[in-house]
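Enquirer: sequence first, predicted coordinates after that:
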Amino acid sequence: MELICPAGTPAAFHEAVDAGADAVYCGFRDETNARNFPGLNFSRDELREAIAYAKRKGTQTFVALNTFMRAGAEEIWYKGAADAVALGADALILADFGLMAHVAEKYPQQRLHVSVQASASNPDAINFLVDAFTAQRVVLPRTLTIADIARIGKNIRCEMEVFVFGGLCVMAEGRCSLSSYATGKSPNMNGVCSPASHVRYRKDGGELVSELGEFTINRFPAGEAAGYPTLCKGRFDIADSNGYAFEDPVSLDVMGELEALKAAGVKALKIEGRQRGKAYVAEVVSTMKAALNSPPDRRAPLLARLRTMSEGQKTTSGAYEKRWR
Amino acid sequence: MTQTKKTSLTLGPVYYLWDAEKWRDFHFRIADEAPVDRVVIGETICSKRQHFIEPHLAEVVERLESAGKTVILSTLALVTLNRESKQIREMAEVSEHLMEANDLSALAILKDKPHTIGPLVNVYNAPTARLLANRGAKRICLPPELPFTSVKEIVAEFPDIDFEVFAFGRMPLAISARCAHARSKGKIKDNCQFVCREDPDGLPVRTLDRQSFLALNGVQTVSHACQSLLGELDHLVEAGVRSFRLSPQDCDMVAVAKLHRAVLDETVDADAGVAKLRQLYAAAPLANGFHHAKEGAVWVARTRSLQAAWPA
């Protein structure tokens, strides 16, 4: 299985290539990609240099243009696609049908991957994208069990890529407006979720309160480590209980299921984390590459090392395990 | 509003799990009394719930059609299981009714068959709308998140497609494979015992500072605030929007429909209409932030909005 690694900066890109990534995915420094964070992403020149470096090392580069085109401003996305193709991207990762149609028509030779943001969660949906836009790979939503993935694999006409490590969306990706409800900025339209520009921390008595826009997302008693107020990972008050209503502040780790994923027909494993620093990328990529190259009974220490790198050091296998639902 | 006659109202599917008799009687009353042109029916959120309304489906369809309403069959918003795909495929094969796509899989199945697009499909721009229209979409309800600037752009490109906007109801914000509703009551999705039935208008999610924030509806998360574009209908009509969707809440939806019709017909002015709507659905504050490219939770007052969004 291929290892697909994130790069939010040219430095992280180099680290990922050097650490053994089969492909590195990244995006332009604008609203065309779903990690549109300050200080991240690539200029055209940076991408040209990165792709050249990757090609010398035999690594592929995937360019994510995976937000939804703003009505009337489609040229920004079309230009992004044109430049990514011209710079030699091995694949474009797309979510918007309009953009997929444009790319399929203008650049029929270009490899097209369906972003997780497109929310193609079943064979009918995936084959629709294959037939309509000649999509060659789908990144599956993090809403499926491994059994679901195996069944889908038997019924689709393209490759499957799945997230195995890093951040975890609790909601179906590409179909969530929680962030914009609280902040006016959404993953689909702006490429951001729970953006830092709308985050505030304040002291209230002995507690630290984290807020997103006008809403309290969490309260941390003295002594408890305060996390970032990602909306769906907050503590809320429901009926008579309060706690993590949607999901604990955990990250995804299904590296323990490598053999099952392989048997399910998964072609590529994806690491989330374009917002992560180069040291993290280097460490995670090299450890995962080593795990992939080891026989199953020799993986345990590598996977243990991986777990120490997870957000809050707590992990979940998410929807891949049926009981999570 | 010169094109008043051409505007129409769509009653969206009931997103919540209501007792079957309540669901039936609700639609009977809509058929008899509500000035809506079409009604979308059928379970949209969770396939586990589908059996509840099945016994009443035929009589509801008949009553609505006898009253001159167009009936549209809804499909699931998140399709992951084989039996869910199969159910949509079978429905497409046998049904003589228009169907509404809420997920990519339904789009695939309904290709070349006349259908409508629900507000849960990501239509953010004109090229996407064109693609869907070319595949047989007859009416497209744009996503609630879409700002007016985008609505205007899209509608202007296709004067011949009937575009609809989500004009009333708690905003469908997210859907998950995981059921937060069941989990909040100590269950998981697979043994949920249909606890969502206890909350016919959603289960409130408050912040730890007791701010009303969201509501759970099974695997769906909706807003606490209720979207209302009653004060913006004139601008939407002027921009070419022809159809307005009212999403059922647990309130007098006949009165809500009459009020929207009256504002469209200019027999009630928008400000009075908004005041009246606050009484009709007092369970939640009104919001129209998405329309104004702001936080979805906020309310932008009509006079201020005109100056802010459309400077002279």
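Expert: Received the coordinates, thanks.
Enquirer: quick one, what contacts the residue positioned nearest the centre of chain A?
Expert: With distances taken as CA atoms, centre = their mean, A:Glu272 lies nearest the centre of chain A, 4.3 Å away. For A:Glu272, the contact set (CB atoms under 8 Å, 6 or more residues apart in numbering or on different chains) comprises A:Pro6, A:Phe163, A:Phe165, A:Gly166, A:Gly167, A:Leu168, A:Leu252. C-beta coordinates here come from the backbone N, C-alpha and C atoms, glycine included.
Enquirer: let me know the closest of the residues you listed to A:Tyr25.
Expert: Checking the contacts of A:Glu272 against A:Tyr25 by CB to CB gives A:Pro6 as the nearest, at 6.2 Å.
Enquirer: for the closest one, which residues make a bridge with it?
Expert: A:Tyr25 (DSSP bridges).
Enquirer: mind checking pLDDT for it?
Expert: Per-residue pLDDT puts A:Pro6 at 95.
Enquirer: do you know how far it is from A:Gly273?
Expert: 5 Å (CB to CB, to the nearest Å).
Enquirer: repeat for B:Val40
Expert: B:Val40 is 40 Å from A:Gly273, where distance means CB to CB.
Enquirer: now do the shared contacts for A:Pro6 and A:Gly273.
Expert: Common neighbours of A:Pro6 and A:Gly273, counting by CB under 8 Å, 6+ apart, are A:Gly166, A:Val281.
Enquirer: more neighbours: those two, which one.
Expert: A:Pro6 (27 against 23; other CB atoms under 10 Å in any protein chain shown).
Enquirer: so the more buried one sits against A:Ala16, correct?
Expert: Yes. Look at A:Pro6 against A:Ala16 with CB atoms under 8 Å: they come within range, at 7.3 Å.
Enquirer: where do the contact lists of the two overlap?
Expert: The contact sets of A:Pro6 and A:Ala16 overlap at A:Val24, A:Val281 (CB under 8 Å, 6+ apart).
Enquirer: the longest strand along chain A near chain B anywhere?
Expert: Secondary structure of chain A per DSSP state E: the longest strand is strand A:159-166. No. Strand A:159-166 does not reach chain B (CB under 8 Å from any CB of the partner chain); its nearest approach is 13.5 Å.
Enquirer: what's the first helix or strand after that strand?
Expert: For strand A:159-166, the following helix or strand on the C-terminal side (DSSP states H and E) is helix A:178-183.
Enquirer: quick check: next helix or strand after that following helix?
Expert: Later in the chain than helix A:178-183, the nearest helix or strand by DSSP H and E is helix A:187-190.
Enquirer: now that next one - C-alpha only, CSV.
Expert: What follows is helix A:187-190, C-alpha atoms only, in CSV (Å, rounded to 0.1, in the frame of the first residue of the first chain):
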residue,chain,number,x,y,z
PRO,A,187,-14.4,24.1,5.4
ASN,A,188,-16.4,24.0,2.2
MET,A,189,-16.3,27.7,1.3
ASN,A,190,-13.2,29.0,3.1
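Enquirer: strand partners (parallel or antiparallel) of the following helix or strand past that helix?
Expert: On the C-terminal side of helix A:187-190, the nearest following helix or strand under DSSP H and E is strand A:199-204. If you go by DSSP bridges, strand A:199-204 pairs up with strand A:207-212 (antiparallel).
Enquirer: can you tell if the following helix or strand past the strand it pairs with touches chain B?
Expert: Downstream of strand A:207-212, the first helix or strand assigned by DSSP H and E is strand A:215-220. Yes. Strand A:215-220 is in contact with chain B by CB under 8 Å from any CB, via A:Phe215, A:Thr216, A:Ile217, A:Asn218, A:Arg219.
Enquirer: the last one touches B:Leu208, doesn't it?
Expert: It stands for A:Arg219. Yes. Counting by CB under 8 Å, B:Leu208 is a contact partner of A:Arg219 at 4.8 Å.
Enquirer: tell me, what's touching the two both at once?
Expert: A:Val209, A:Arg235.
Enquirer: rewinding a little: okay, the residue nearest to the centre of chain A: pLDDT?
Expert: Residue-level pLDDT assigned to A:Glu272 equals 92.
Enquirer: what's stretch A:28-39 in contact with?
Expert: Stretch A:28-39 is contacted from outside by A:8, A:27, A:40-44, A:47, A:63-67, A:70, A:76-77, A:80, A:83-84, A:95, A:115, A:117, A:187, A:189-192, A:195-196, A:274-275, using CB under 8 Å, 6+ apart.
Enquirer: could you pick out which of those are near chain B?
Expert: Checking the contacts of stretch A:28-39 against chain B by CB under 8 Å from any CB, the ones in range are A:Arg70, A:Ala95, A:Met189.
Enquirer: out of those residues, who has the most neighbours?
Expert: Within these, neighbour counts (other CB under 10 Å) peak at A:Ala95, which reaches 28 neighbours.
Enquirer: what sits against it?
Expert: A:Ala34, A:Asn66, A:Thr67, A:Phe68, A:Val114, A:Ser115, A:Gln117, A:Ala118, A:Gly174, A:Asn188, B:Asn122.
Enquirer: show me what contacts the third one?
Expert: Going back to what we said before, that points to A:Thr67. A:31-34, A:36, A:77, A:95-96, A:117, A:187-191.
Enquirer: before we move on, what about the fifth one?
Expert: Contacts of A:Val114 were listed using CB under 8 Å, 6+ apart, and they are A:Ile93, A:Leu94, A:Ala95, A:Met100, A:Ala120, A:Ile126, A:Leu129, A:Ala135, A:Arg137, A:Val138, A:Val139, A:Cys158.
Enquirer: ok, longest helix in chain A?
Expert: Counting by DSSP state H, the longest helix found in chain A is helix A:278-293.
Enquirer: next, the angle strand A:159-166 makes with that helix.
Expert: Using axes from the mean of the first three to the mean of the last three CA atoms, to 10 degrees, the inter-axis angle of helix A:278-293 relative to strand A:159-166 is 120 degrees.
Enquirer: pLDDT of helix A:278-293, averaged?
Expert: Average pLDDT, helix A:278-293: 92.
Enquirer: quick check: buried residues in that helix?
Expert: A:278, A:280-292 (16 or more other CB atoms under 10 Å in any protein chain shown).
Enquirer: any chance of the contacts of A:Val114 in CSV, plus secondary structure and pLDDT?
Expert: Below are the contacts of A:Val114 laid out as CSV (DSSP: H, G, I helix; E, B strand; the rest coil; pLDDT from 0 to 100):
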residue, secondary structure, pLDDT
A:Ile93, strand, 98
A:Leu94, strand, 98
A:Ala95, coil, 97
A:Met100, helix, 98
A:Ala120, coil, 94
A:Ile126, helix, 96
A:Leu129, helix, 96
A:Ala135, coil, 98
A:Arg137, strand, 98
A:Val138, strand, 98
A:Val139, strand, 97
A:Cys158, coil, 98
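Enquirer: sec struct for residue 13, please.
Expert: The chain I'm using is chain A. The three-state label given to A:Phe13 by DSSP: H, G, I helix; E, B strand; the rest coil is helix.
Enquirer: nope, chain B please
Expert: Look at B:Pro13: counting by three-state DSSP, its state is coil.
Enquirer: just confirm it contacts B:Ile53, I think it does.
Expert: No. Between B:Pro13 and B:Ile53 there is no contact under CB under 8 Å: 10.2 Å.
Enquirer: circling back to that earlier point, and the next helix or strand past the longest helix of chain A?
Expert: Remark: after helix A:278-293, the chain's next helix or strand is helix A:300-307, criterion DSSP H and E.
Enquirer: residues contacting that next one, please?
Expert: Contacts to helix A:300-307, defined as CB under 8 Å, 6+ apart, come from residues A:Phe165, A:Asp253, A:Met255, A:Gly256, A:Val284, A:Thr287, A:Met288, A:Ala290, A:Ala291, A:Ser294, A:Gln313, A:Thr315.
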